[in-house]
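Participant: only the shape, not the letters, is given here:
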């Protein structure tokens, strides 16, 4: 059985760890509201430009635009993975990393070329360690994403798809449903399907899908032509979707870290409680042993006298 000093040292170590996890939980709790607010403020812009794009596309010929053309044969797929610069957030990083890795391996086994853009130090290190160098990588700004980051990703995506280097673009990130719950989202960014244009704001939960019907949007008169307007809208749409995903992921990161640190604090408290009981039991046993030794020594002295 461990002695009192060992148990005391372990209890002290756990108290120090618990202070750290509790502090990190409080920091994430303070930051999550602001991050959620930024993501919620960006949501109407994303919905608005998606609906505008759907209306204009309904009045245009989709075959005129390279970014809307469905390739007959898919040869190359680009993934955009948005995660975090830091750990200690439960499965926030490892879950999407492994999912993307499995999907990339599956596509590679089919003879397709795969590439990835990583947003966050953790996914960048994860794929670099596995000899998969990201086409673009962004580190140090996962908690405070910028429009410049979204612009650079969008420019690369648009150029790659328009030039034919990429046949499909998929974006994966965590959606912050609220302060406590996060949902992993996988969206096909390009090419835009006709179904996406007819139902631009698809419900995120499967239960609501049964209540959605495809709608044709009303006809508008455009000046200049609808085709010219669509040519400006598509890049703006891609930038907006990427930027909103970055903001959404930042909010989800704080929520995931808050939950992970709360769980770590609770676990440390349970372990500390068990150690305190063990410490008291060992201490009581030690005191009893010392009393018995004193009583035995006193009895021996009396007998010798």
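Facilitator: Nice, I can see it. Source: prediction; values computed, not measured.
Participant: from now on I want contacts and neighbour counts done on CA atoms only, so please keep to that.
Facilitator: Will do.
Participant: report the buried residues of stretch 80-91.
Facilitator: For stretch 80-91, the neighbour count (16 or more other C-alpha atoms under 10 Å) marks 80, 81, 82, 83, 84, 85, 86, 89, 90 as buried.
Participant: return the member of those nearest to residue 136.
Facilitator: The closest of the buried residues of stretch 80-91 to residue 136 turns out to be residue 80 (C-alpha to C-alpha; 9.3 Å).
Participant: may I ask which helix or strand encompasses that closest one?
Facilitator: Here residue 80 sits within strand 76-82, counting by DSSP states H and E.
Participant: for residue 180, same thing?
Facilitator: Here residue 180 sits in a region with no helix or strand, counting by DSSP H and E.
Participant: centre-most residue in the protein?
Facilitator: What sits nearest the mean C-alpha location of the chain, by C-alpha atoms, centre = their mean, is residue 174, with 3.9 Å.
Participant: could you list the residues in contact with the one helix or strand that one maps to?
Facilitator: Assigned by DSSP H and E, residue 174 belongs to strand 168-176. By C-alpha atoms under 8 Å, 6 or more residues apart in numbering, the surrounding residues in contact with strand 168-176 are 36, 74, 76-83, 92, 96, 157, 161, 182-191, 245-246, 248-249, 251-253, 255.
Participant: picking that back up, please name every helix or strand in contact with the strand holding residue 80.
Facilitator: With contacts defined as 3 or more C-alpha pairs under 8 Å, 6 or more residues apart in numbering; DSSP states H and E, the packing partners of strand 76-82 are helix 94-109, strand 113-119, strand 168-176, helix 226-304.
Participant: try 7 Å this time
Facilitator: Judged by 3 or more C-alpha pairs under 7 Å, 6 or more residues apart in numbering; DSSP states H and E, the packing partners of strand 76-82 are strand 113-119, strand 168-176.
Participant: now do the buried residues in the next helix or strand after the shortest one.
Facilitator: If I follow you right, that is strand 113-119. On the C-terminal side of strand 113-119, the closest following helix or strand by DSSP H and E is helix 121-129. Residues 121, 122, 123, 124, 125, 126, 127 are the ones in helix 121-129 that count as buried (16+ other C-alpha under 10 Å).
Participant: okay, angle between helix 121-129 and strand 113-119 too, please.
Facilitator: 150 degrees (axes from the mean of the first three to the mean of the last three C-alpha atoms, to 10 degrees).
Participant: please compute how far the helix or strand where residue 20 lies lies from its chain's middle.
Facilitator: Taking DSSP H and E as the criterion, residue 20 maps to helix 4-58. Remark: helix 4-58 is offset 10 Å from the chain centroid, using C-alpha atoms, centre = their mean, to the nearest Å.
Participant: quick one on the thing from earlier: centre of the chain to the strand holding residue 174, how far?
Facilitator: Strand 168-176 sits 9 Å away from the centroid of its parent chain (C-alpha atoms, centre = their mean).
Participant: kindly report the same for stretch 249-269.
Facilitator: With C-alpha atoms, centre = their mean, you get 13 Å for stretch 249-269.
Participant: mind listing residues that contact it?
Facilitator: Applying C-alpha atoms under 7 Å, 6 or more residues apart in numbering, the external contacts of stretch 249-269 come out as 14, 18, 21-22, 24-25, 28-29, 31-32, 35-36, 82-84, 88-90, 92, 142-144, 173-176, 179-180, 182.
Participant: weed out the non-buried ones from these.
Facilitator: Buried by 16+ other C-alpha under 10 Å: 14, 18, 21-22, 24-25, 28-29, 32, 35-36, 82-84, 89-90, 92, 142-143, 173-176, 179, 182, out of those.
Participant: and residue 149, what element?
Facilitator: Residue 149 belongs to helix 147-163 when assigned by DSSP H and E.
Participant: helices or strands next to that helix in the packing?
Facilitator: Using 3+ C-alpha pairs under 7 Å, 6+ apart: helix 147-163 touches helix 226-304.
Participant: relative to helix 4-58, how tilted is the helix it packs on?
Facilitator: Going by the same axes, to 10 degrees, helix 226-304 makes 170 degrees with helix 4-58.
Participant: quick one: low-confidence parts of the stretch 151-300 of the chain?
Facilitator: By pLDDT under 70, the weakly predicted segments of the stretch 151-300 of the chain are 193-223, 225-226, 298-299.
Participant: 90 instead?
Facilitator: Counting by pLDDT under 90, the stretch 151-300 of the chain has low-confidence residues at 162-164, 176-183, 187-237, 240, 251, 254-300.
Participant: then the stretch 1-150 of the chain?
Facilitator: Per-residue confidence for the stretch 1-150 of the chain (pLDDT under 90) gives these ranges: 1-74, 85-92, 140-148.
Participant: re the thing from before, now distance to residue 135 too, for the buried residues of stretch 80-91, in TSV please.
Facilitator: TSV is the format used below for these (distance: C-alpha to C-alpha, whole Å):
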residue	distance to residue 135
80	10
81	12
82	14
83	16
84	18
85	18
86	21
89	26
90	27
